[in-house]
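Engineer: Structure, please.
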Amino acid sequence: TPPPPDQAPPPNTIPGSYPLNSQGSAEDWFVQIPSGQYNLTASYAGDNSYNPSQSSAAFTITPAPTTVTLSGVPSSYAGTVIGFKANLNTQSSGVAPTGTMQALNNGAPVGFPVLINGFAASPSAPNGYADGWADFSLPLPPGPASVAVQYSGDSNYAGSTSPASTVSVADFSVSANPTTISISTPG
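Structural biologist: This next block holds a predicted model:
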């Protein structure tokens, strides 16, 4: 008690109640409990051969760590829009991450937060773990830029920030080709 939210309770059981195996233990693998501090109590009602018993445990669940990586961050010209992708990686076998990602230029927010496309852990996932991604399209001012993306985190996953990618945003320039013209008979 309290019964945990159970993704796949054993057949013919009540959530939080589990049959004992021949070694006298019971378990459930797919329990999803949000981060926080908990006090759980396990109770055995007893039977004709064994007395009832009870045990309590206090534990803390912390949000799973995440990492953000960027791909396809190009250099650009001022006034144009750069497009790139931010990938959210976990080492969690749990639910899909939710929340937003915010692009940063030199540590300051650029544009608006973007909802991530999150995916639960699955054997068909590239690494088997829960992950997500977001696409960005940003205009940047001329000069050097240092682009990073920050993940907000959610109740299951900790926030994180990608390493910065240096982007050169050049201003437009105009030049003549050829640079000189010789006029043999002026006028």
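Engineer: Spatially nearest residue to Thr62, not counting backbone neighbours?
Structural biologist: Among residues not flanking Thr62 along the chain, Ser35 sits closest, at 5.6 Å (Cβ to Cβ, 6 or more residues apart in numbering). All C-beta atoms are positioned from the backbone trio N, CA, C, and that covers glycine.
Engineer: what does Ser122 give?
Structural biologist: Nearest to Ser122 is Gly128, by Cβ to Cβ, 6+ apart, at 7.0 Å.
Engineer: For Ala42, see how far away that neighbour is.
Structural biologist: Distance of Gly128 to Ala42, given as Cβ to Cβ, to the nearest Å: 30 Å.
Engineer: just Leu88 next, same as before
Structural biologist: Plainly put, Leu88 is 35 Å away from Ala42 if you go by Cβ to Cβ.
Engineer: and the closest residue to Ser53 other than its chain neighbours, how many neighbours does it have?
Structural biologist: For Ser53, ignoring the flanking residues on the chain, the nearest one in space by Cβ to Cβ, 6+ apart is Tyr44 at 4.9 Å. Tyr44 is flanked by 14 other residues according to other Cβ atoms under 10 Å.
Engineer: Give me the phi and psi for Tyr44.
Structural biologist: phi -110, psi 120 (degrees, to the nearest 10).
Engineer: now it: how far from Ala58?
Structural biologist: On the measure of Cβ to Cβ, Tyr44 and Ala58 end up 19 Å apart.
Engineer: Tell me who's in contact with the closest residue to Ser92 other than its chain neighbours.
Structural biologist: Once flanking residues are discounted, Ser92 sits nearest to Ala64: 4.2 Å by Cβ to Cβ, 6+ apart. Each residue near Ala64 by Cβ atoms under 8 Å, 6 or more residues apart in numbering is listed here: 90-92, 94, 156-158.
Engineer: now do Thr41
Structural biologist: Taking Cβ under 8 Å, 6+ apart, one finds 1, 54-57 in contact with Thr41.
Engineer: what do you get for Ser92?
Structural biologist: With Cβ under 8 Å, 6+ apart, Ser92 has these contacts: 64, 121, 129-130, 156-157.
Engineer: would you turn those into JSON lines with secondary structure, distance to Glu27 and pLDDT?
Structural biologist: Below are the contacts of Ser92 laid out as JSON lines (DSSP: H, G, I helix; E, B strand; the rest coil; distance: Cβ to Cβ, whole Å; pLDDT from 0 to 100):
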{"residue": "Ala64", "secondary structure": "strand", "distance to Glu27": "21", "pLDDT": "92"}
{"residue": "Ala121", "secondary structure": "coil", "distance to Glu27": "19", "pLDDT": "86"}
{"residue": "Tyr129", "secondary structure": "coil", "distance to Glu27": "22", "pLDDT": "91"}
{"residue": "Ala130", "secondary structure": "coil", "distance to Glu27": "22", "pLDDT": "93"}
{"residue": "Asn156", "secondary structure": "coil", "distance to Glu27": "21", "pLDDT": "90"}
{"residue": "Tyr157", "secondary structure": "strand", "distance to Glu27": "25", "pLDDT": "94"}
